[in-house]
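In: Got a sequence here, can you model it:
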Amino acid sequence: MLTKKSKAIIYSGALLSALAFSSTASASLFDSGLPAGWNCVGSCDAMGADGDVTLAPTGSAQYGYVTTDNGVTGVGLPGLTSGATTGSTLTSALFSAQAGDELNFFFNYISSDGAGFADYAWARLLDELNNEVAILFTARTTPSGSIVPGFGMPDPTATLNPDEVLMNPGAPSWSALGASSDTCYANGCGYTGWISSSYNIAATGNYFLEFGVVNWTDTAYQSGMAFDGITVGGTPIGDTTPVPAPATLGLLGLGLLGARLARRKK
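Out: Take a look at the predicted model:
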């Protein structure tokens with residue numbers, strides 16, 4: 001039979017376990033595949049250097065990616081879904097940030113589509129209730145001109161380097177495009193190369209980071225996006241433990257108080 005002391009210890013231990021956050025305590029976030037707790041809708045994964053998509057300038061052996069190849073319907077940015085057909089999103093596990101922390105990462109947009117088929121990609125910061133906090137960047141296929149930020153899309157709030165990007169033109173070679181790798185439909189195909197994104201988080205709290213990509217008006221000729229080097233306040237995103245909600249903190253305090261009372265009675 002459990003004593004009052006052992007019951008209190010088990011209770012407080014369970015509460016501490018409930019607050020534990022699964023992390024990948026490494027600067028190489030995607031080196032072992034997609035991190036635990038990340039949610040993919042459609043087609044997402046991690047891979048090493050492949051064709052035209054080199055490794056990011058982070059020292060990592062792999063990067064994460066989303067692709068429209070084997071994507072699903074119903075994906076897109078709010079307000080830009082009427083022409084969206086199939087796509088994919090990858091959302092991080094919940095992480096914490098302090099006011100003023102910088103959210104940094106690299107991304108690379110790749111498309112085998114061109115002409116008037118304006119596939120697009122984005123990254124968003126969401127709060128813990130999945131409300132949009134900021135659209136960090138957009139990228140969109142266009143026959144000519146800048147790919148980032150995407151035309152006809154919301155202005156990005158992150159600082160991008162470079163801030164305007166042309167495609168490296170031609171049929172992109174990247175296996176994440178499936179059968180569309182090494183193909184190109186008219187002008188606009190190619191890849192941007194790695195672009196850095198930096199955003200100052202305004203308020204202390206818990207957040208999700210969302211990456212997405214969609215086909216536009218058709219489902220042929222695929223597009224995708226690679227990303228890596230995600231840090232918050234200089235710390236890899238997997239190492240940032242969410243801040244407990246006030247109610248959870250109260251429960252934890254009760255559990256620890258119970259353990260103290262049990263020790264005193266002994």
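In: CA atoms for contacts and neighbours, from now on please.
Out: OK.
In: Domain-wise, how is this structure divided?
Out: 1-21+243-266, 24-241 (automatic domain parsing).
In: Mean neighbour count, those: which tops it?
Out: domain 24-241 (a mean of 20; mean count of other C-alpha atoms under 10 Å).
In: Run the chain-centre distance for it.
Out: 7 Å (C-alpha atoms, centre = their mean, to the nearest Å).
In: pLDDT (mean, whole number) over it?
Out: Taken as a whole, domain 24-241 has an average pLDDT of 95.
In: quick check: longest strand of the protein.
Out: strand 205-216 (DSSP state E).
In: Against which helices or strands is it packed?
Out: strand 63-67, strand 84-91, strand 95-97, strand 120-127, strand 223-232 (3 or more C-alpha pairs under 8 Å, 6 or more residues apart in numbering; DSSP states H and E).
In: What strands flank the helix or strand just after the fourth one, and is each parallel or antiparallel?
Out: Using DSSP states H and E, the next helix or strand after strand 120-127 towards the C-terminus is strand 132-140. Using DSSP bridges, strand 132-140 pairs in its sheet with strand 120-127 (antiparallel).
In: what's in contact with the partner strand?
Out: For strand 120-127, contacts defined as C-alpha atoms under 8 Å, 6 or more residues apart in numbering pick out 109, 132-141, 150, 205-216, 223-225.
In: Give me the angle between that strand and strand 205-216.
Out: Counting by axes from the mean of the first three to the mean of the last three C-alpha atoms, to 10 degrees, strand 120-127 lies at 160 degrees to strand 205-216.
In: Please state the backbone phi and psi of Ala179?
Out: When read as degrees, to the nearest 10, the backbone of Ala179 gives phi -70, psi -10.
In: And it, how far from Asp69?
Out: 8 Å (C-alpha to C-alpha, to the nearest Å).
In: And Leu125, by the same measure?
Out: With C-alpha to C-alpha as the criterion, Leu125 and Asp69 are 24 Å apart.
In: And for Ser43?
Out: Plainly put, Ser43 is 7 Å away from Asp69 if you go by C-alpha to C-alpha.
In: so what sits against both of the two?
Out: Gly87.
In: Looks like Asn108 contacts Ser196 (just checking).
Out: No - in this structure, Asn108 is not within contact of Ser196 by C-alpha atoms under 8 Å, at 9.1 Å.
In: Give me the phi and psi for the closest residue to Gln98 other than its chain neighbours.
Out: Take Gln98 and drop its neighbours on the chain: the residue closest to it by C-alpha to C-alpha, 6 or more residues apart in numbering is Thr204, 4.1 Å away. Here is the backbone geometry of Thr204 (degrees, to the nearest 10): phi -60, psi 140.
In: Ok, Ser180 next?
Out: Torsion angles, degrees, to the nearest 10, at Ser180: phi -80, psi -10.
In: who's in contact with the nearest residue to it once chain neighbours are set aside?
Out: Take Ser180 and drop its neighbours on the chain: the residue closest to it by C-alpha to C-alpha, 6+ apart is Tyr221, 5.5 Å away. For Tyr221, the contacting residues are 111-113, 180, 183-185, by C-alpha under 8 Å, 6+ apart.
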